[in-house]
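Peer 1: please find the sequence and the predicted model below.
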Amino acid sequence: MKHSMELQKVHIWLRTAVLGVALAGVLSGCASADESDGAEDADPNAEAAAQLSQAQIVQFNEAKVVPERSESGTYSTLATVRRMEELREKATVDKADCMDAVNRWGRLAAVRQAPASLATFVDGDATITHLLIELSDSESERALATEVPEECASYTASVGGEEATSYHVNELDLAQIGAGSRAFLVTSGPEGQRTRMHNLTYRGDGYLGVTAVLNGGEDAEETLVEFTKTALERERTVLS
């Protein structure tokens, strides 16, 4: 039963991520050591990605990192990213530009070729993911400046012939974090069965960071901000 619930959470996250937020992958509900080890041996970015992993926190309040659902390497080769791209190919969106609505920066060549580290944390029904991508200041600034099309405030999407689901994207008015940041809330599904993903993308010194909180409850926005601040403190120590 527990395994079945985990698979259901992975499916919900993947669908929300690809059709709404896709943290760059950023929620590794589906990564595994078996999938990533072989690629890491031949990955030219393995060492840099490992350093990013060293900069990840391992616990935030009651949320603890789940090693088997975390990974590192070249961004485009991460198991989570590959699986999201597979799911994207099966998706139908009524407004084509709204695929990956708030992480369109994930399509940039500099991002796809960069070292990356993705950590997943679990606290009850809530899942937090944190992504670090090594980028120059100009590249991270370009990524952060990527706009969400106005038409993507509301749209519908389906995967593999499933019934279409409505998605709503709202930019959050939060205080700036790091060298600049943007935050969004993506909601999907009918009233009473809504899935909520809070997403915050920020610029660090030589990297881009992304935090996502899935179904974090009433305190999700506070969790999003405080987790990111805590993570940034460690990143400044390890990566400076």
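Peer 2: Structure's in. What do you need?
Peer 1: which residues does V93 bridge with?
Peer 2: Applying DSSP bridges to V93 gives these bridge partners: A157.
Peer 1: what's around V225, how many residues?
Peer 2: Number of residues near V225 (other Cβ atoms under 10 Å) recorded here: 20. In this view, the C-beta of every residue, glycine as well, is placed from N, C-alpha and C.
Peer 1: again with A164
Peer 2: By other Cβ under 10 Å, neighbour count at A164 equals 13.
Peer 1: does it touch G189 like I think?
Peer 2: No: taking contacts as Cβ atoms under 8 Å, A164 lies outside contact range of G189: 11.1 Å.
Peer 1: quick one: buried residues of stretch 104-113?
Peer 2: Residues of stretch 104-113 classed as buried by neighbour count (16 or more other Cβ atoms under 10 Å): R104, W105, G106, L108, A110, V111, R112.
Peer 1: got the contact list for the fourth one?
Peer 2: Residues near L108 by Cβ atoms under 8 Å, 6 or more residues apart in numbering: E139, R142, A143, T146.
Peer 1: and the nearest residue in space to G217 that is not next to it in sequence, how far from Q51?
Peer 2: Of all residues not flanking G217 in the chain, A126 sits nearest, at 6.6 Å (Cβ to Cβ, 6 or more residues apart in numbering). Distance of A126 to Q51, computed by Cβ to Cβ, to the nearest Å: 28 Å.
Peer 1: next, the buried residues of stretch 171-188.
Peer 2: Those would be I177, G178, S181, R182, A183, F184, L185, V186, T187, S188, for stretch 171-188 by 16+ other Cβ under 10 Å.
Peer 1: identify the farthest-apart pair in those.
Peer 2: Pairwise distances across the buried residues of stretch 171-188 peak at 27.7 Å for G178 and S188 (criterion: Cβ to Cβ).
Peer 1: residues in contact with the longest helix along the chain: which ones?
Peer 2: Across the chain, the longest stretch assigned as helix under DSSP state H is helix 220-239. For helix 220-239, contacts defined as Cβ under 8 Å, 6+ apart pick out 51-52, 54-57, 60, 63, 126, 128, 130, 132, 172, 174-175, 177-178, 181, 183, 185, 196, 198-200, 202, 204-207, 209, 211, 213, 216.
Peer 1: relative to M84, which of the buried residues of stretch 171-188 is nearest.
Peer 2: Proximity of those to M84 (Cβ to Cβ) peaks at V186, which lies at 14.4 Å.
Peer 1: which SSE is that closest one in?
Peer 2: V186 belongs to strand 181-188 when assigned by DSSP states H and E.
Peer 1: give the rounded mean pLDDT of that strand.
Peer 2: The pLDDT scores in strand 181-188 average 93.
Peer 1: starting at the chain centroid, how far to that strand?
Peer 2: Centroid separation for strand 181-188 versus its chain: 11 Å, with Cα atoms, centre = their mean, to the nearest Å.
Peer 1: partner strands of that strand and their direction?
Peer 2: According to DSSP bridges, strand 181-188 forms sheet pairs with strand 165-172 (antiparallel), strand 195-203 (antiparallel).
Peer 1: so which of those strands is the most packed in?
Peer 2: With neighbours taken as mean count of other Cβ atoms under 10 Å, the strands paired with strand 181-188 reach their highest mean count in strand 195-203, at a mean of 24.
Peer 1: angle of that one against helix 220-239?
Peer 2: Strand 195-203 runs at 30 degrees relative to helix 220-239, counting by axes from the mean of the first three to the mean of the last three Cα atoms, to 10 degrees.
Peer 1: hang on, the earlier thing: of all the strands paired with strand 181-188, which one is nearest V122?
Peer 2: Nearest of the strands paired with strand 181-188 to V122, taken as Cβ to Cβ: strand 195-203 at 14.9 Å.
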